[in-house]
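Q: Pasted the sequence and its predicted model underneath.
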Amino acid sequence: MDKIIIEARVNELATRRGNPHVPFLPREIIADATACHDEGAAIVHFHGRTADGAPDHDPAFYLETNAGIRARSDILIHPTLGYVANDADAKGRFAAVEEMMKSADTAPDFAPMDCGSVNVDWWNTQEGRYDTTELIYKNSTGTLMYFAERIRHYGLAPYLVSWNVSFTRQIEQFLKMGVLAEPAYVCFCMTDEIIFAGHPGSEAGLDAHTAFLPKEFRTVWTAVNYKGDLFQLTEKIIRQGGHVSIGLGDYAYTADGRNLRNAEVIAKVVAQARASGREPATVAETRQILNMPKIRLAA
């Protein structure tokens, strides 16, 4: 079977209440990225965070973190554009990447494009109500086209996130327009427990995603369950030829009453993949599978 691309999603906006091993600071993310690479991850995704876990959009955070990751392994770097925590315009949301591209030591390999807009309010399961009511993850077509142009300008790989079928259909139109090139690397974002913006993290939810992959274009897909246990689906994903994006940023993984570290989560995916005859793709193999372009630094 084809090799499997494994991405470590190390922190997102997760707190440490569920798992104290969620990394916040650059040195913690660097250590986790290195450990996850050693266990078989080819990509690391992270968000800038302060010491108390609040979002940190300062480009300096990413410059320090990227340089530290680069110094210790060749794992592919996939930073965030800030999610709903960064409510700037398109140029402002991409500003940190512009700074990263000034040096080979800090340049990432991917930049994300969440290809649509969606309500992302948080549900309080204990009280049966929403804790927030105004959170909209807004990604207009014009904003996405701006991101695509800047991503292409720098030779980055677009990381195309689909929260539901409408996002995937937008990706298809961008492929038809030539805004995106093949193969499209699509991340199916399922959501559970406290957020319902994506398909549910079930077999039916995943099948509803994959059913709408554009037939006339080459695609490579991975899957994540934001706020849900992706291990309920990893064996299915592996069997169907998909790839896995997983980590403490999405879910407070435990085993035998113990809080797992990100590297232990990656090791568990690797073991499942090998049991099904799929080896983890190396960084070089991931570049080949995704036909990743050559990075061009800022002038």
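A: Cool, the structure landed.
Q: for the stretch 101-250 of the chain, what spans make up the strands?
A: Using DSSP state E, counting those that start in this stretch, the strands of the stretch 101-250 of the chain run over 110-114, 118-119, 123-124, 129-130, 136-137, 157-162, 184-191, 219-226, 243-246.
Q: Name the nearest residue to the residue nearest in space to the middle of the chain, sequence neighbours excluded.
A: Residue closest to the average C-alpha location in the chain (CA atoms, centre = their mean): residue 45, at 5.4 Å. Setting aside the residues directly before and after it, residue 45 is nearest to residue 78 in space (CB to CB, 6 or more residues apart in numbering), at 4.2 Å. Heads up, the C-betas are built off the backbone N, CA and C, glycines and all.
Q: residue contacts, the one you found?
A: Neighbouring residues of residue 78 by CB atoms under 8 Å, 6 or more residues apart in numbering: 7, 43, 44, 45, 46, 108, 109, 110, 111, 112, 159.
Q: quick one on the thing from earlier: so the residue nearest to the centre of the chain: helix, strand or coil?
A: Classification of residue 45 by DSSP: H, G, I helix; E, B strand; the rest coil places it in strand.
Q: hang on, the earlier thing: of the strands of the stretch 101-250 of the chain, which is nearest residue 199?
A: Among those, the nearest to residue 199 by CB to CB is strand 184-191 (5.0 Å).
Q: quick one: which of the strands of the stretch 101-250 of the chain is nearest residue 87?
A: If you check each of the strands of the stretch 101-250 of the chain against residue 87 by CB to CB, strand 136-137 wins as the nearest, at 9.4 Å.
Q: picking that back up, spell out the secondary structure type for the residue nearest to residue 45.
A: Residue 78 ends up strand, using three-state DSSP.
Q: remind me which residues of this structure are low pLDDT?
A: Counting by pLDDT under 70, the chain contains no low-confidence segment.
Q: just to revisit the earlier point, hmm, residue 6 and the residue nearest to the centre of the chain touching each other?
A: No: judged on CB atoms under 8 Å, residue 45 makes no contact with residue 6 at a distance of 11.4 Å.
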